[in-house]
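Visitor: The sequence and its predicted three-dimensional model are supplied below.
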Amino acid sequence: MQRALPLPATRAPAVAASTKAATKRWIALDLLRFLAVVMMVQGHLFTEVIDQSLRSLQWYRYHAYIHGFTAPMFLFGAGMAFGITTLAKWEDHTRFSTAVRKRYERYAILLALGYATRLYEFKLSFFLSLDQEGFNYVTRVDALQVIGVSLVTIQALAYFSRKRSVFLTILAGLFITLLATAPFAEHFDLAGWPVPIVAYINRSTTSLFPLFPWAGFIVAGVLMAAFVRHRRKNAKAGLLQLVLPLGVLGGGLIFLGDYLAHADLDAMFPDHNFWHMSPWFVMVRLGVVLCTLATLCLVELGIHKLRAVDGPALRVVQAIGAQTLVIYIVHLFVLYGGPGIRGLGPRFDHALQLAPAAGLAVLFLSAMFLLGWTWHQIKTRYPKRFDQVRYGITAALVLVFLIS
């Protein structure tokens with residue numbers, strides 16, 4: 001029997017329910033992810049289009065330093081979002097449920113897209129004809145691959161751990177291992193290992209984000225989700241519950257990391273790039289992320305006090321914050337180009353002064369915000385049709401890649 005279409009009047013409660021569910025999201029985390037995507041898009045754009053004559057100026061050096069906190073914030077936010085969802089519905093994620101199956105599908109797509117952004121031509125014959133330098137470039141590890149592999153691993157740990165306490169204990173050990181091992185990873189003798197595997201371990205094949213130590217930010221996000229979930233569940237998330245603890249912990253990590261970095265303790269590690277691999281600088285970066293999150297928790301308290309939780313501006317910000325991965329992927333293609341696409345970067349080729357670069361950044365961010373909002377609306381309002389279209393597009397792209 002054909003199912004009757006719902007009358008327009010019957011759709012209002014569903015929309016109201018979805019709006020109510022959206023307001024239950026943790027506003028501070030959505031704000032953190034929104035801030036990360038703004039910093040990411042603007043920072044990448046400036047790096048590609050700002051004139052070379054401006055790069056020696058003091059403001060640009062500060063800009064580059066601040067932009068260095070974007071990746072930790074982005075990875076931490078991905079881990080925390082994973083942790084909040086997993087710990088809240090633990091039973092669903094410790095068996096091979098529909099939720100787990102869809103997660104693995106998303107992570108596989110993330111990995112595939114991460115590699116696809118490196119292909120000049122989207123066809124298998126091009127990939128098979130790459131020389132060693134080209135193969136290293138295509139298989140280098142970026143943020144998408146780190147997120148995909150890390151979350152696959154963490155999801156598997158949840159499945160086999162069964163108990164939350166065991167799961168969190170393993171993650172704590174993994175976090176320490178990732179940080180402590182990072183300076184040694186650059187010196188691992190990996191001769192004869194497959195290049196795509198080496199790319200996840202160190203930067204010898206030109207990877208930007210090897211697992212050591214970058215996956216540590218994702219693991220830290222999952223661990224912090226356990227702390228935050230407990231505090232938000234058992235008490236009103238006020239100053240004493242989240243703002244002060246996160247601020248104190250973040251400030252403590254900044255102080256401790258800076259102190260250890262200047263205490264000549266690097267002698268226990270082999271020579272390494274401090275800015276990329278030092279456990280102490282990872283601590284500083286993580287501390288900055290936690291202090292930022294504490295500040296956004298304070299902003300959330302203000303939003304509740306002003307009773308602006310249901311405001312349209314906040315709903316837009318939350319929708320964009322929930323779709324940071326799709327914005328990340330699309331902005332890479334638009335900015336850097338891809339198969340058959342000439343990106344904005346090559347078009348302007350480091351030739352813009354500050355004012356036109358800022359104007360371009362506003363337009364670019366506006367386009368990415370519109371994309372995130374539209375994607376969120378389609379995904380939440382038409383989930384089944386969204387999945388059908390996504391599967392169809394994925395299958396078509398795989399077929400084109402194989403037969404081209």
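Guide: Everything's here; your move.
Visitor: Walk me through the domains of this protein.
Guide: If you go by automatic domain parsing, the domain ranges for the chain are 37-56+71-234+307-403, 235-306.
Visitor: Kindly reformat the ones you listed as a markdown table containing mean pLDDT and distance to Ala28.
Guide: All C-beta spots, glycine's among them, are computed from the backbone N, C-alpha and C. Formatted as a markdown table, these follow (pLDDT from 0 to 100; distance: least, CB to CB, whole Å):
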| stretch | mean pLDDT | distance to Ala28 |
| --- | --- | --- |
| domain 37-56+71-234+307-403 | 92 | 9 |
| domain 235-306 | 89 | 4 |
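Visitor: Can you verify my assumption that Cys291 contacts Gly251?
Guide: Yes - using CB atoms under 8 Å, Cys291 makes contact with Gly251 at a distance of 6.3 Å.
Visitor: These two: which is more packed in?
Guide: Cys291 (18 against 15; other CB atoms under 10 Å).
Visitor: what sits against Thr206?
Guide: Residues in contact with Thr206 (CB atoms under 8 Å, 6 or more residues apart in numbering) are Asn136, Tyr137, Arg140.
Visitor: Repeat that for Ala185.
Guide: Here Ala185 is in contact with Ile201, Asn202, Pro210, Phe212, Met277 (CB under 8 Å, 6+ apart).
Visitor: quick one, phi psi at the second one?
Guide: So the one you mean is Asn202. Here is the backbone geometry of Asn202 (degrees, to the nearest 10): phi -150, psi -170.
Visitor: That one contacts Pro213, doesn't it?
Guide: No - the criterion here is CB under 8 Å, and Asn202 misses it with Pro213 at 10.8 Å.
Visitor: between those two, which one's more packed in?
Guide: Neighbours per residue (other CB under 10 Å) separate Asn202 from Pro213, with Pro213 holding more: 25 against 22.
Visitor: what residues are up against that one?
Guide: Contacts of Pro213 by CB under 8 Å, 6+ apart are Leu178, Leu179, Thr181, Ala182, Met277, Pro279, Val282.
Visitor: quick one: which of those is nearest Leu110?
Guide: Leu110 has its nearest neighbour among the contacts of Pro213 in Leu178, at 19.5 Å by CB to CB.
Visitor: May I ask you to confirm that the closest one is in contact with Ala215?
Guide: Yes - taking contacts as CB under 8 Å, Leu178 lies within contact range of Ala215: 5.6 Å.
Visitor: Give me the more crowded residue out of the two.
Guide: Ala215 (26 against 23).
Visitor: Which positions within whichever helix or strand that one is part of qualify as buried?
Guide: Here Ala215 sits within helix 211-234, counting by DSSP states H and E. Buried residues in helix 211-234, counted by 16 or more other CB atoms under 10 Å: 211-226, 228-229, 231-232.
Visitor: what's the answer for stretch 353-368, then?
Guide: In stretch 353-368, counting by 16+ other CB under 10 Å, buried: Ala357, Leu360, Ala361, Phe364, Leu365, Met368.
Visitor: How far off centre is the helix or strand the second one falls within?
Guide: Assigned by DSSP H and E, Leu360 belongs to helix 354-381. Remark: helix 354-381 is offset 17 Å from the chain centroid, using CA atoms, centre = their mean, to the nearest Å.
Visitor: Likewise for stretch 389-397?
Guide: 23 Å.
Visitor: Check what contacts it and list those residues.
Guide: Ile109, Phe122.
Visitor: Also stretch 223-234?
Guide: By CB under 8 Å, 6+ apart, stretch 223-234 touches 26, 76, 79-84, 86-88, 164, 168, 171-172, 175, 237, 241-242, 245, 290.
Visitor: Next, the distance between the ends of stretch 113-124.
Guide: End-to-end distance of stretch 113-124 (CA to CA, to the nearest Å): 15 Å.
Visitor: Tell me which residues of it come out buried.
Guide: Buried residues in stretch 113-124 (16+ other CB under 10 Å): Leu113, Gly114, Tyr115, Ala116, Thr117, Arg118, Leu119, Phe122.
Visitor: And stretch 97-111, by the same measure?
Guide: Val100, Arg103, Tyr107, Ile109, Leu110, Leu111.
Visitor: Check stretch 190-205 too.
Guide: For stretch 190-205, by 16+ other CB under 10 Å, it's Val195, Pro196, Val198, Ala199, Tyr200, Ile201, Asn202, Arg203, Ser204, Thr205.
Visitor: residue ranges of the helices in the stretch 201-350 of the chain, please?
Guide: Under the criterion DSSP state H, counting those that start in this stretch, the stretch 201-350 of the chain contains helices at 211-234, 244-261, 274-277, 279-305, 312-322, 324-336, 344-348.
Visitor: Export the third one to PDB, keeping only CA atoms.
Guide: Only the C-alpha atoms of helix 274-277 are listed here, as PDB (Å, rounded to 0.1, in the frame of the first residue of the first chain):
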ATOM      1  CA  PHE A 274      60.000  21.700  18.500                       C
ATOM      2  CA  TRP A 275      57.000  23.400  16.800                       C
ATOM      3  CA  HIS A 276      55.800  20.100  15.300                       C
ATOM      4  CA  MET A 277      56.800  17.300  17.500                       C
END
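Visitor: Touching, Val37 and Thr324? I think so.
Guide: Yes - Val37 is in contact with Thr324 according to CB under 8 Å; the separation is 4.7 Å.
Visitor: about what we covered before: mark which of the contacts of Pro213 are buried, thanks.
Guide: Buried, going by 16+ other CB under 10 Å: Leu178, Leu179, Thr181, Ala182, Met277, Pro279, Val282, out of the contacts of Pro213.
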